[in-house]
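Asker: I would like the atomic coordinates for the input below:
(6 chains)
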There are 6 protein chains.
Amino acid sequence: MSRLLTLDEITEQLCRAESYEDVFHHSLHNQPMPSVEVLREVVARLQAILFPGYFGDSEIAPETMRFHVGAGLDVVARLLTEQIRRGRCFFCRHNDVPHEEPDCDACEDAARRTTGLFLSSLPEIRRLLAVDVRAAYVGDPAARHPGETIFCYPSILALTHHRIAHALHQQDVELIPRIIAEMAHSKTGIDIHPGAQIGEGLFIDHGTGVVVGETCIIGANVRIYQGVTLGAKSFPKDANGALIKGIARHPIVEDEVVIYAGATLLGRITIGKGSVVGGNVWLTEDLPPGSHVVQQRAGETSSRILLGNGRA
Amino acid sequence: MSRLLTLDEITEQLCRAESYEDVFHHSLHNQPMPSVEVLREVVARLQAILFPGYFGDSEIAPETMRFHVGAGLDVVARLLTEQIRRGRCFFCRHNDVPHEEPDCDACEDAARRTTGLFLSSLPEIRRLLAVDVRAAYVGDPAARHPGETIFCYPSILALTHHRIAHALHQQDVELIPRIIAEMAHSKTGIDIHPGAQIGEGLFIDHGTGVVVGETCIIGANVRIYQGVTLGAKSFPKDANGALIKGIARHPIVEDEVVIYAGATLLGRITIGKGSVVGGNVWLTEDLPPGSHVVQQRAGETSSRILLGNGRA
Amino acid sequence: MSRLLTLDEITEQLCRAESYEDVFHHSLHNQPMPSVEVLREVVARLQAILFPGYFGDSEIAPETMRFHVGAGLDVVARLLTEQIRRGRCFFCRHNDVPHEEPDCDACEDAARRTTGLFLSSLPEIRRLLAVDVRAAYVGDPAARHPGETIFCYPSILALTHHRIAHALHQQDVELIPRIIAEMAHSKTGIDIHPGAQIGEGLFIDHGTGVVVGETCIIGANVRIYQGVTLGAKSFPKDANGALIKGIARHPIVEDEVVIYAGATLLGRITIGKGSVVGGNVWLTEDLPPGSHVVQQRAGETSSRILLGNGRA
Amino acid sequence: MSRLLTLDEITEQLCRAESYEDVFHHSLHNQPMPSVEVLREVVARLQAILFPGYFGDSEIAPETMRFHVGAGLDVVARLLTEQIRRGRCFFCRHNDVPHEEPDCDACEDAARRTTGLFLSSLPEIRRLLAVDVRAAYVGDPAARHPGETIFCYPSILALTHHRIAHALHQQDVELIPRIIAEMAHSKTGIDIHPGAQIGEGLFIDHGTGVVVGETCIIGANVRIYQGVTLGAKSFPKDANGALIKGIARHPIVEDEVVIYAGATLLGRITIGKGSVVGGNVWLTEDLPPGSHVVQQRAGETSSRILLGNGRA
Amino acid sequence: MSRLLTLDEITEQLCRAESYEDVFHHSLHNQPMPSVEVLREVVARLQAILFPGYFGDSEIAPETMRFHVGAGLDVVARLLTEQIRRGRCFFCRHNDVPHEEPDCDACEDAARRTTGLFLSSLPEIRRLLAVDVRAAYVGDPAARHPGETIFCYPSILALTHHRIAHALHQQDVELIPRIIAEMAHSKTGIDIHPGAQIGEGLFIDHGTGVVVGETCIIGANVRIYQGVTLGAKSFPKDANGALIKGIARHPIVEDEVVIYAGATLLGRITIGKGSVVGGNVWLTEDLPPGSHVVQQRAGETSSRILLGNGRA
Amino acid sequence: MSRLLTLDEITEQLCRAESYEDVFHHSLHNQPMPSVEVLREVVARLQAILFPGYFGDSEIAPETMRFHVGAGLDVVARLLTEQIRRGRCFFCRHNDVPHEEPDCDACEDAARRTTGLFLSSLPEIRRLLAVDVRAAYVGDPAARHPGETIFCYPSILALTHHRIAHALHQQDVELIPRIIAEMAHSKTGIDIHPGAQIGEGLFIDHGTGVVVGETCIIGANVRIYQGVTLGAKSFPKDANGALIKGIARHPIVEDEVVIYAGATLLGRITIGKGSVVGGNVWLTEDLPPGSHVVQQRAGETSSRILLGNGRA
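Answerer: I've put the predicted structure just below:
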């Protein structure tokens, strides 16, 4: 353990450039980092807009809905534009090129336009989520009412975040989609990269430990259980040994596939339409449509060793 | 991506009935949805009542305990009655039969009586939790003091929520138990359906990824590790192809069973008293009492391929 | 279900000593329990000190950094001393020996000195985290900027909590490190015991379900994926049948090892430098340096049963 | 001073009916008291509606104004209906006639209708306040911009509260107007009874200590300074010696009157149009239009005693 | 105006001992100042205890009242003891005599005992306030219900604060009573020194600007209007020219006296029982019982100068 | 009363330009109004800087003071610059000249420079306040300790706000000083215009109702009691009948003057050094140094009308 230092000494050490240089964010434009708190508010307001009466002001009526929706959109537009601008600022190359003057007005305009396009996609996002809701209700024998899945299922929570994050990711928004994805990951244990393309009617049951990678493509009406990984098998490196970023490396899951708990699917494989992947299956190759894959039941049985008084 | 719409256009699209009809909650009785915030307060107050001195006002003394317990119960009674009533309202069939007059007074009375019965079960809930606490202390070599498990173990957190949710579920309370179960799921990664019947002295170590299904029956002094699934093997459908809800479809785990990390137990199987199920085991059949099941160790060893320079 | 009791009856039952004795904390010194809220603030302030400009006041500049760092340290020193003192109080043996007078001043002094030593280790903690940040950036093809990993990766969140908790654990601080570890566990699904010794440059990708046990030793530049368990194989008991606490029972993972998703490594085994452990592998024996272990690919393939219309 | 009692004894004394009977509110209908917090929110939302861009969301634009105004009105309608209902409940005669069944539905309907009428008067309330704003700007040589008076003058704050409270008072709403009036009194030191009838364009400069009684009638374009009392001269009693409530007993102040600081005007007197009342004047009789009343300047001068070294 | 300094220069100047010595509080015992926030909570909890159903939990019932009262008293006892101890610490002479060891345990005991005595006086404080409530209801023609005066009259707010502050002042508690008195002063404009002795049934109408000095003695059933000063006429100094503190220097107001708005009563004079003092009267001499004093009406009339076009 | 309108109708009326035009703030630059909340934080942080150990972190020590002061100044600099910029924006003439492009960068620079100059004056502001503190302690027989006046006297609260507001006003900052002055006015009832020039050592006892006008000049060691007005006698108008703004129209009060409660001093008069003005005196002419002015005592006595059973 370190020797006892005075507060002055600790401060002095922590304020040496060689101590902080790799962990300090100093924006050229005096722009703060995006605010996780504000993004939480943005998502909460979007939930209220997408699922009126379930979130936000829960006593909303059809007659007054347009006031609440319009006002909510207006506030989201302002908050989100600001956060997107901050995200751009964080990645601005002028941070590293201090003598070049950044064009902050252009950045502001881009953020505003991006936000506008994102908001324009909300009707489609809602349409997809409505199918997700139905899928969750139909797919879970414990569900009593579609609204129950809207109000308390991790699947809908995670997909609402994802569909928002993905729409922003499609607009090349930086940082913000990742923050939104992590919100859902933290609350539900479901980790979906904002880049993943997910069709309508996905249901993720229980969900803890699910991982869906950046270049995944998931079709319509797919069902996934807890602990399923749709991951990369390997990470190709370039000539310098650096990871090549952005290449397609995650599975394609076609329509109506079901993947049971703990299955691990790695690499750019295609799981054909209507296939069923059993629990804990490890899969790194394509499956033709209609396949049913399970852990080898016989081997499984024979692998049991029944001991009268042994210990695991 | 969508084309850029004006705020008015987006509002207009989102306020068309065909857009919102499946994702809008409009109660007949002008009752708001249950409040997750209030339910969080209810659970926090119940924790303070069940574990005095650990939660809530931590300087409580035996001489004044009855004031705090009595006042806490009175507040919980009021808050919970209101939330139960809202939950009933959400499921009220009069929402769909607008011309029939709902009997809201009867609903209010039922909520009040249900709450009273729930509160009457608190002494028994505490008794069960006290055994759970001892089990966690005894079962974890890293635990220094039983109180440490009360104060910071996910196991006790999850079981406190579950025993509350289950007592409400037994009273046929709707929606509220599920919300409470999801609170624990979100915080701990442990997903126990409120319907699961769990005996005294359960210890869930680490816990992330544990799933305990609706019709599970767990005996006394059971120990479960992270990633264990006690799930359903299949979902029988009725003649119309709809899932049949509510039938017994999850395992029965008898007293003193231990189930190690990542094991998956599916279907209405019975794990006999004192059995030990090893990590990652996949099990879909009954086990007689005293069984010890592990992954095939030899097969495990032989299944390793040692490569000097390969890649996983 | 219980019969309906009055509020007075429930209160009376809950305030009987035999009901509350095992679940009631009554300190001799009238000291409250440590405050999770305050510890959250301590960690947040430490994050702002360790990663200036990312957390806390995000518009900090090098010229004024020392004011913010110094002020932050001063506040943390006070808050943490108080929490450590409370933690000592909770474990104070005088709670059980009421007639012996506790030496609270000595306890206060010890808490202050412990805090001082902990703060003295912050420069080293930051150095380790800076390597962790680089490892996360290099190791994730989806990462765009090292700062992105600081700001939103669960890996850095978990390691920041762990390195703080571990430094306190090394000072024999009780309860507080565990609370801090559980904060990270709850947010990320990554459960690292404060006792685990972790070298620089660890990257935990996705992370949900990862368990790292109390006596683990992890070398430098290790990479771990979601669902990996570094656990104990068995829990030796003493002559009285009580668990023996504190003995080395978790894996040693040497430098540059990679462990893929869902692998389970149990017991005091050593994974030699540069080894690669494939996904879902179950491992209870040492691996020599440079080993590459995967699930048996052939067996895996043969274990698939392709059925045209079967069910998992 | 009292002798030292135990907590139990104090509790017992405070819970005797003879101790609490005059200071305990126990509603028959289990309705809580109106919430001062909610009424504060109601007023804040009304300020945002009345003065868009100054209060509430200060970045509002004409294009989106109707969303914010409509949503704000809808929320206010719900909150205020509930508070008015609670106020009715507080005064419900059934509280004292326990055997008669109250008609709570009728009460709810009345509250809803009252709220609707109140909201319908908002355009007129805004019109009056717009004239008040102009009066404050014109009347204060220190004012730089009319908006400054909206944003920070006690006069506008007090009049906004009053015009809201008065509109409710005109609808025979109980308790709520008084609570709103006291909010303004507490913040500004200006105490206007909700019953007072105040024409457009009132300006109250500085304001601390101003009292305007229940039956006052104030014309248009009046100016009042700090410490002015428009009070009652006497309180007629009935045959039983009880005060007769509600009779006209406060001044009528006609258009364009100016009343300087500290003047005291008592009783049902009429201050004719355009009169000027000097500071500290004591007035209990009518003044014809155009009167100018000041403290006797000569007497004032002669009343000074100049002493070289005296003390006041 | 000052020249422009750098942040470092300003910091340096403000941290010179000669800059801060008179405005810096540095306790010997590392005790923080009393917390105004906590004292606000103490007063709020005392209001809930004194006026059950009006403040705090407004749905309290006689059957459960003792739980809420007992729990409230227990919390107040702890919070207030701590604040009183801090107040003692602030005035501790050891702050100025650093080499003498303070007896903090004795201080803690004294604070606890003082709090106990204060709480023991609550039944009597409530009795006095109940008479005050009746006086406010009877004395104000605009009051509709005694409860209205409890819930929203500044008079009751100020007297609740005063009677609490005075009971603490009687126990020689330092600083805390003054802080409580200033809370009421800030909210109501009524400034009553905690030392003032006030009989039952005081009603202070409107109240803004009322000042009641430290050594005032007010009898039963007195009525006071806004702007009344019961102050000191002069401040005798000792041989060194320093003010002599603590001598009786404010009026004695006997039972059933009425003092109208703006009257100024200075010095140790006695206003005899049942006297009436008119508005704006300036009084520095005793009044026999039954006196009625008003501003000279004739002089008042003659002092008017009616000018057709003059200006005040 | 208005007829009952629908929500749509009310919205429609309130959103007509002729309804909102005089009460709507629509900035050209999309800048929000200054934030009263942020300014409250600014003042609170300045109090903590000016009176270390009394406000803010009350356990500050000389060794760490510079960290807290430096960090506090840095935060205030940022917050205040932003608020000053917003204030400038509010008054920007480009709001009314939409076709001219505003130079927002210049505005930002000016705000930054103004803030720098303001912060540079803090050492002098503290020096003045230290003398004010001493004056309050010496001047109040009830004060026990100078620190008591810092911590709870309205006089110090009001002067802290004023000296901050005045320093900003001297830099021609708009709106912000007025907001700060109104904060103090609302809390204390003391209304000091930011323009007033006040020498060191002012003590305002009780303070409710005190008004100090924009062009007042107050010397050193002055004492003022509650209800004192230092106001304007008349408001000269220009040829168009508009008030002429900014001319010297309030009293000059020289060193060591004492003004007792309720005195009214109007116009550009000079109260000579060491003069004493009695309570309720009305004064519109110069007083030579050393004057003592009281209400005519004899007249006062003779003005009493003693009536056996009259009414005031």
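
Asker: neighbours around residue A:282, how many?
Answerer: The burial count assigned to residue A:282 is 27, neighbours taken as other CB atoms under 10 Å in any protein chain shown. Backbone N, C-alpha and C define where each C-beta goes, glycine included.

Asker: quick one: contacts for the closest residue to it other than its chain neighbours?
Answerer: Among residues not flanking residue A:282 along the chain, residue A:264 sits closest, at 5.0 Å (CB to CB, 6 or more residues apart in numbering or on different chains). Residues touching residue A:264, when contacts are defined by CB atoms under 8 Å, 6 or more residues apart in numbering or on different chains, comprise A:228-229, A:231, A:281-283, C:261-262, C:279-280.

Asker: hey, what's residue A:55 bridged with?
Answerer: Legend: beta-bridge partners of residue A:55 under DSSP bridges are residue A:52.

Asker: right, and it touches residue A:68 too?
Answerer: No - taking CB atoms under 8 Å as the definition, residue A:55 is not a contact partner of residue A:68, at 11.2 Å.

Asker: who touches both of the two?
Answerer: Looking at what touches both residue A:55 and residue A:68 (by CB under 8 Å, 6+ apart), the common residues are residue A:48.

Asker: one step back: sort out for me which of the contacts of residue A:264 are in helices.
Answerer: If you go by DSSP state H, those have nothing in helices.

Asker: just give me the closest of the residues you listed to residue D:257.
Answerer: Distances from these to residue D:257 were compared by CB to CB; the smallest belongs to residue A:228, at 79.9 Å.

Asker: could you check how many residues crowd around the closest one?
Answerer: When counting by other CB under 10 Å, one arrives at 28 neighbours for residue A:228.

Asker: residue A:259 is in contact with that one, correct?
Answerer: Yes - proximity of residue A:228 to residue A:259 meets the contact threshold set by CB under 8 Å, at 5.0 Å.

Asker: mind checking the longest helix of chain A?
Answerer: Taking DSSP H as the criterion, chain A has its longest helix at helix A:65-91.

Asker: specify the angle between that one and helix D:65-91 in degrees.
Answerer: With axes from the mean of the first three to the mean of the last three CA atoms, to 10 degrees as the criterion, the two stretches helix A:65-91 and helix D:65-91 enclose an angle of 120 degrees.

Asker: next, the buried residues of helix A:65-91.
Answerer: Within helix A:65-91, the residues that count as buried by 16 or more other CB atoms under 10 Å in any protein chain shown are A:65-90.

Asker: how about the strands in the stretch 51-200 of chain A?
Answerer: Taking DSSP state E, counting those that start in this stretch as the test, the strands found in the stretch 51-200 of chain A are A:191-192, A:197-198.

Asker: any chance of those in CSV, plus distance to chain C and mean pLDDT?
Answerer: As requested, the strands of the stretch 51-200 of chain A are exported to CSV (distance: least, CB to the nearest CB, whole Å; pLDDT from 0 to 100):
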stretch, distance to chain C, mean pLDDT
strand A:191-192, 5, 98
strand A:197-198, 15, 98
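
Asker: of these, which is nearest chain D?
Answerer: Relative to chain D, the nearest member of these by CB to the nearest CB is strand A:197-198, separated by 31.2 Å.
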